[in-house]
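# build the 3D model from these lines:
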Amino acid sequence: EGIMRTTATLLTLIAWASGAAAGVLQVPADHHTVQLAVDASAPGDTVLIAPGEYAERVVVERALSLVADGGDVRLGRLIVRNLPLRETVVVRGIDVTAGGGFFPPGTALELTDNAGPVRLEDATLRGSGGYGAIGQPGAHPSGFVGVRVENCASVVFTRCTLTGGTGTTVYDEYIDLRGQGASALSVDGADVSVHGGSCTGGDGGSILDTLSIDGGWGGHGIEARNATLFVEGALLAGGDGGDADCDFIACGFGGFGGSGASIGDFAGNPTDGIFRDATFSPGAGGRDGDWSGYAPDGQDVLVAPGSSETHLPVPWRDFTASSPERAGSTATLTWDAQAGDELFTWLSVGTTWAWRPAHDGVFLVDTAVPLNILLFAANAPTDGELSAVFVVPALGPEVDDLTLFWQGIVRRGAEWYLGPVSVATLLDEQD
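Okay, here's the model as predicted:
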């Protein structure tokens, strides 16, 4: 019954959307590069990317969905900036790995000055490692942050893999530079939530020649300041500190291990860090140059004065909607919950970000848009895993695609718990 109601709801949504239908631009069928497709798009369009490697620096400044179509898609770098209020960018199923081969080094994803929301799902985001030698112009021995978020309204990562770059290691004192490991995710001024996946800081560079230089510090899984951070079901791992060495006069010290999360800073930028069923793996401290000991390991959560750390005792429940799906195909909604849970999903054509302490989570679907609805699926079976399917209806002559935001919601007794949001792109059967 719940799935039949879902299909009926989709038909209603499609009828509503037909007045302002978005378009679909395919890469490379319609445009040879991703950036050309982005430049040709109108706000709300979908750029559908065929499997392949695209050695591009892609810049997005309007409402848009970047969606991998049925295979591995790799970009060089991605920048989303100056997004207007109430315009949303969605990135799903895309690997952004900076550095290596034809891909330029740097931060994989930069989100800057966005008044509208950004939603990422099933994405891999890797900052490049440090590079350069003594005297080399533009040398950058420290690793690059995997994702940098600055002055944004809200950003959501669902089942994403974020990795900070490693610092360079000194093999030859006359050539090499030593670098610090970078954080996987750096946040300054934003509401950010991480649902599942992992954030792993890069390792600090070591000294493998006779120099009394300290080892590089390991990067944090997440560093956040002037922000509200919510993490559920994710692994937060710090990078290892680099080892030191000695010269004929003195010895260096090992680099500090990175923490799972670093909350706030000492410059008066407080942050609220809220963790629900997160796993922490701090980085190990590097070895001192004289082999007498090791630098301190990282912490699970490093909290600066004026910031707060809260751990919720409620286990998280995962939820996903398959995407992209074409008219006539079978779409799947999947819950990974616990036996005894009543499973729901809230469906909307818009997204928001609102911390709900009474429900131990973040409300991520917009109930202010004309059409949104709470749908009941079923009670969770013994193993807690439930899949529900429905046939995607025809989108109609005026609609090429439709973006839907589904949030998994669980009721257990009298309590309601909010799960992650999953963004599904529905396409006309010809796209």
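# the residue nearest the centre of the chain sits in which helix or strand?
In the chain, the centroid-proximal residue (CA atoms, centre = their mean) is Phe157; its distance is 3.4 Å. Assessed by DSSP states H and E, Phe157 sits inside strand 154-158.
# how many neighbours does Ala29 have?
12 (other CB atoms under 10 Å). Where you see a C-beta, it was placed from the backbone N, CA and C, and this is true even at glycine.
# that one is in what secondary structure piece?
Assigned by DSSP H and E, Ala29 belongs to no helix or strand.
# my guess is it meets Ala50, correct?
Yes. Here Ala29 reaches Ala50: they are 7.1 Å apart, a contact under CB atoms under 8 Å.
# shaky segments in the chain?
Scanning the chain for pLDDT under 70 picks out the ranges 1-21, 100-101, 134, 370-371, 429-431.
# for the chain, what spans make up the helices?
Shown for the chain, the helices assigned by DSSP state H span residues 2-17, 34-40.
# and the last one, C-alpha only, in PDB?
So that's helix 34-40. Coordinates of each C-alpha in helix 34-40 appear next as PDB, following Å, rounded to 0.1, in the frame of the first residue of the first chain:
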ATOM      1  CA  VAL A  34      31.300  18.300 -18.300                       C
ATOM      2  CA  GLN A  35      32.100  22.000 -18.100                       C
ATOM      3  CA  LEU A  36      30.500  22.700 -21.500                       C
ATOM      4  CA  ALA A  37      27.300  20.900 -20.300                       C
ATOM      5  CA  VAL A  38      27.300  23.000 -17.100                       C
ATOM      6  CA  ASP A  39      27.800  26.200 -19.100                       C
ATOM      7  CA  ALA A  40      24.900  25.300 -21.400                       C
END
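# still on that earlier bit, for the residue nearest to the centre of the chain, give me its contacts.
120-121, 123, 185, 192-195, 197 (CB atoms under 8 Å, 6 or more residues apart in numbering).
# switch the cut-off to 6 Å
120, 194 (CB atoms under 6 Å, 6 or more residues apart in numbering).
# hey, what's it bridged with?
Leu120, Val194 (DSSP bridges).
# for Ala394, see how far away Gly135 is.
Applying CB to CB, to the nearest Å, the value for Gly135 to Ala394 is 64 Å.
# give me the more crowded residue out of these two.
Ranked by neighbour count (other CB under 10 Å), Gly135 and Ala394 place Ala394 first, with 12 against 8.
# kindly state the beta-bridge partners for Phe280.
Here Phe280, judged by DSSP bridges, has bridge partners Leu236.
# surely it touches Leu236?
Yes. Counting by CB atoms under 6 Å, Phe280 touches Leu236, with 5.4 Å between them.
# who's more crowded, these two?
Ranked by neighbour count (other CB under 10 Å), Phe280 and Leu236 place Leu236 first, with 28 against 19.
# quickly list what the residue nearest to Val147 when sequence neighbours are not counted is bridged to.
Leaving aside its chain neighbours, Val147 sits nearest to Leu109 (4.5 Å; criterion: CB to CB, 6 or more residues apart in numbering). Here Leu109 sits in beta bridges with Leu78, Val147, going by DSSP bridges.
# isn't Leu109 up against Arg148?
No. In terms of CB under 6 Å, Leu109 does not count as a neighbour of Arg148; the distance is 7.4 Å.
# if I look at Gly221, how far off is Val423?
24 Å.
# show me which of those two is the more surrounded one.
Per other CB under 10 Å, whichever of Gly221 and Val423 has more neighbours is Gly221, with 37 against 25.
# and the more buried one, what does it touch?
Counted by CB under 6 Å, 6+ apart, Gly221 has contacts 184, 199, 201, 236-238, 260-261.
# kindly report the same for Gly233.
196, 277, 316.
# now do 7 Å
Taking CB atoms under 7 Å, 6 or more residues apart in numbering, we find Gly233 in contact with 195-196, 277-278, 316, 318.
# kindly report the same for Gly285.
241, 254, 256-257, 294-297.
# not counting sequence-adjacent ones, nearest residue to it?
Gly285 sits nearest to Ala295 (CB to CB, 6+ apart), 3.4 Å away.
# so Leu75 makes contact with Val91?
No. With contact defined as CB atoms under 7 Å, Leu75 does not count as touching Val91 (9.6 Å).
# the contacts of Gly233: which two are farthest apart?
Ala278 and Asp318 (13.5 Å; CB to CB).
# comparing the two, which residue is more hemmed in?
Counted by other CB under 10 Å, Ala278 and Asp318 do not tie: Ala278 has more neighbours, with 25 against 20.
# what is the neighbour count of the nearest residue to that one once chain neighbours are set aside?
In this structure, Ala278 finds its nearest non-sequential neighbour in Val231, 4.8 Å apart by CB to CB, 6+ apart. By other CB under 10 Å, the residues close to Val231 number 31.
# distance of Val421 from Thr320?
10 Å.
# give me the more crowded residue out of the two.
Val421 (28 against 24).
# for that one, give me its contacts.
Val421 makes contact with 119, 156, 158, 351, 364-365, 405-407 under the criterion CB under 7 Å, 6+ apart.
# most neighbours, which of those residues?
Leu364 (29 neighbours).
# ok, it touching Ala354?
No. Counting by CB under 7 Å, Leu364 stays clear of Ala354, with 8.1 Å between them.
# can you give me the strands in the stretch 301-431 of the chain?
301-303, 308-312, 318-321, 325-326, 330-336, 342-348, 351-356, 361-365, 372-379, 385-391, 401-412, 415-427 (DSSP state E, counting those that start in this stretch).
# which positions in the longest one come out as buried?
It refers to strand 415-427. 416-427 (16 or more other CB atoms under 10 Å).
# the second one now?
Burial within strand 308-312, assessed by neighbour count using 16+ other CB under 10 Å, is assigned to 309, 312.
# tell me the strands beside that strand, with direction?
Sheet pairing for strand 308-312, using DSSP bridges, gives strand 272-276 (parallel).
# okay, the angle between the partner strand and strand 415-427?
Counting by axes from the mean of the first three to the mean of the last three CA atoms, to 10 degrees, strand 272-276 points 90 degrees away from the direction of strand 415-427.
# which other residues reach strand 272-276?
224, 228-232, 261, 263, 301, 307-312, 314, 316, 360.
# does Val314 really touch Tyr417, like I thought?
Yes. Between Val314 and Tyr417 there is a contact at 6.1 Å, judged by CB under 7 Å.
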